[in-house]
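Chemist: fold the following.
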Amino acid sequence: MAFALYSDLYWFPDGTIAANTEARVFPMSSNVLAPLFTDITGTVALPNPIFTDGSGVLTFWAQEGEYWVHIDSESFRISVGNPVQLDAWDGASVALSTGIMSNGHFSAAGTSISVQETVGYVVDYSTDSFRPTLARVHVPAQVVPLSGAALARTLTWILISSTGTFVELSGPPTDLQRRTHIVLGFVIVIGGVAVFTKPVPVILPQPANQLADLMDALGTFIISGNLFTPNGVNLMLNTSGGVLFSRSFGYELTPQTPHVAPTAAQAPAQFRRATSTTTVFPLPVTTVDPANYDVGGVITPVPGGANTSTLQRIFVFAQANAPDQILIQYGQATYASLSAAVAAVGNGGFITNPAIGSTGALAAYLAVIKSATDLSSPTQAVIIPASKFDRP
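Modeler: Numbering: from 1, shown residues only. Got it, this is the predicted structure:
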């Protein structure tokens, strides 16, 4: 570890300078006096205890770190050097991406665009990946004429270089161009006149909340496992358990992996049943109800013959208690046969209970005939696993 200089003024509570006063220096969490030195080389030792000089200044070299100074029956916690080795430039270049910090709005102005005052950053890793360049770009409000090429085509993308120069593209910026230039957005030209503009920049403020926006839009999804199979010659199900991605649900128990939540293996699985409008979920059960379906939120007997089928949805949740981890929502349509119900998977038109929202992950579809007594029979029921981002 590097050596660093410590030098600071000490005084007594009455304001008198603590000149020529003995001080003892200890490393943090140690009762052994720290090695002190005269210079950065650490070759010439100083005595410890050490004394302040005639002006009350305590000066020594020591290894970078946290220390206690005991002087005149008082104790002071000090830092020598910078124990946390954080390069400000490195931190800024990692924390920032190329994009807009503020404003970035622009509008159509005849054969030009009117750009408002804008501040952004360009972070350049291509020139020197070891020491990236961080350029702050500040462009004043101005009217930017469109080139003849831009006025002759329908769509043009507008970018700003690290030097504040406006750049036109005939197509969307590439991944590389989004890193080397600030993207403002695009302009639509009809008959040689700009008629529409749309800012679509990379937005730098609130990056953590932008990530949360994306997570919430994707919703809870299955990372692994959570497979459902028949329990036997009955109307019960087994679940393998598994792992869910659910934003912040694991924060309290596992803050290092806050978005990862395990679900339990169960045989038979406990679950709750719900309709599209259920607001108070019933107690957990272990058997599927094939004889009923959901008509506008009302549990209704399935009409038709013995092979009339419905398509139920199985959801899993990031909850601590196994009985709260699974919900089966009744089907909302009937099908003439089991194969017709299977064919309807992914056809849409299903109303998910609002309470499920983005917190439940669709794990599987259960196609089942109304007269089913055996979920293990392929003539009575079929379980179809849902894809990772399947929507019911």
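Chemist: can you map out the strands along the stretch 101-250 of the chain?
Modeler: Along the stretch 101-250 of the chain, the segments classed as strands by DSSP state E, counting those that start in this stretch run 106-109, 112-115, 118-124, 133-139, 142-145, 155-160, 166-169, 182-190, 193-199, 221-225, 228-230, 237-239, 242-245.
Chemist: most tightly surrounded among those?
Modeler: Per-stretch averages of neighbours, counted by mean count of other Cβ atoms under 10 Å, single out strand 237-239 among the strands of the stretch 101-250 of the chain, with a mean of 23. Glycine gets a C-beta too; all of them are placed from N, C-alpha and C.
Chemist: thinking again about what came up before, and of the strands of the stretch 101-250 of the chain, who's closest to Phe3?
Modeler: strand 133-139 (30.1 Å; Cβ to Cβ).
Chemist: and the pLDDT at Arg131?
Modeler: According to the prediction, Arg131 has pLDDT 68.
Chemist: what do you get for Val285?
Modeler: 96.
Chemist: same thing with Arg77?
Modeler: 89.
Chemist: do Pro255 as well
Modeler: pLDDT at Pro255 comes out at 87.
Chemist: now do Ala320
Modeler: 86.
Chemist: burial count for it?
Modeler: 12 (other Cβ atoms under 10 Å).
Chemist: could I get the contacting residues of it?
Modeler: By Cβ atoms under 8 Å, 6 or more residues apart in numbering, no residues touch Ala320.
Chemist: which helix or which strand is home to it?
Modeler: Using DSSP states H and E, Ala320 sits in no helix or strand.
Chemist: ok, it to Glu168 distance?
Modeler: 55 Å (Cβ to Cβ, to the nearest Å).
Chemist: what's the nearest residue to Gln210 if we skip its chain neighbours?
Modeler: Among residues not flanking Gln210 along the chain, Ile203 sits closest, at 6.8 Å (Cβ to Cβ, 6 or more residues apart in numbering).
Chemist: which residues touch that neighbour?
Modeler: Taking Cβ under 8 Å, 6+ apart as the test, what Ile203 contacts is 99-100, 210.
Chemist: can you say which of the residues you listed are buried?
Modeler: 99-100 (16 or more other Cβ atoms under 10 Å).
Chemist: any chance of JSON lines for the contacts of Ile203, columns distance to Ser309 and pLDDT?
Modeler: Below are the contacts of Ile203 laid out as JSON lines (distance: Cβ to Cβ, whole Å; pLDDT from 0 to 100):
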{"residue": "Gly99", "distance to Ser309": "51", "pLDDT": "94"}
{"residue": "Ile100", "distance to Ser309": "53", "pLDDT": "94"}
{"residue": "Gln210", "distance to Ser309": "44", "pLDDT": "92"}
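Chemist: tell me which of the contacts of Ile203 fall in helices.
Modeler: Among the contacts of Ile203, DSSP state H puts Gln210 in helices.
Chemist: distance to Ile188 for the contacts of Ile203 - can I get that in CSV?
Modeler: CSV is the format used below for those (distance: Cβ to Cβ, whole Å):
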residue, distance to Ile188
Gly99, 23
Ile100, 20
Gln210, 27
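Chemist: before we move on, back to that, how about the strands of the stretch 101-250 of the chain in TSV, adding distance to Asn20?
Modeler: Converted to TSV, those look like this (distance: least, Cβ to Cβ, whole Å):
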stretch	distance to Asn20
strand 106-109	68
strand 112-115	66
strand 118-124	52
strand 133-139	48
strand 142-145	65
strand 155-160	62
strand 166-169	67
strand 182-190	60
strand 193-199	67
strand 221-225	66
strand 228-230	80
strand 237-239	76
strand 242-245	64
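Chemist: still on that earlier bit, and the residue nearest to Gln210, how far from Val139?
Modeler: If you go by Cβ to Cβ, the gap between Ile203 and Val139 works out to 17 Å.
Chemist: repeat for Gly242
Modeler: Gly242 is 50 Å from Val139, by Cβ to Cβ.
Chemist: now for the protein, the helix or strand with the poorest mean pLDDT.
Modeler: The helix or strand of the chain with the lowest confidence, counting by mean pLDDT, DSSP states H and E, is helix 88-95 at a mean of 61.
Chemist: let me see the contact set for Ile351.
Modeler: 276, 332.
Chemist: now do 6 Å
Modeler: Ile351 is in contact with Ser276, counting by Cβ atoms under 6 Å, 6 or more residues apart in numbering.
Chemist: so it is in which element?
Modeler: Residue-wise, Ile351 maps onto no helix or strand under DSSP H and E.
Chemist: phi and psi next, for it.
Modeler: With angles defined as degrees, to the nearest 10, Ile351 sits at phi -100, psi 110.
Chemist: and it, how far is that from Thr278?
Modeler: Using Cβ to Cβ, Ile351 is found at 12 Å from Thr278.
Chemist: neighbours around Asp72, how many?
Modeler: So Asp72, with other Cβ under 10 Å, has 13 neighbours.
Chemist: just Asp14 next, same as before
Modeler: 5.
Chemist: roughly how far apart are it and Val57?
Modeler: For Asp14, the distance to Val57 - Cβ to Cβ - is 18 Å.
Chemist: got a list of what Ala322 touches?
Modeler: 264, 266.
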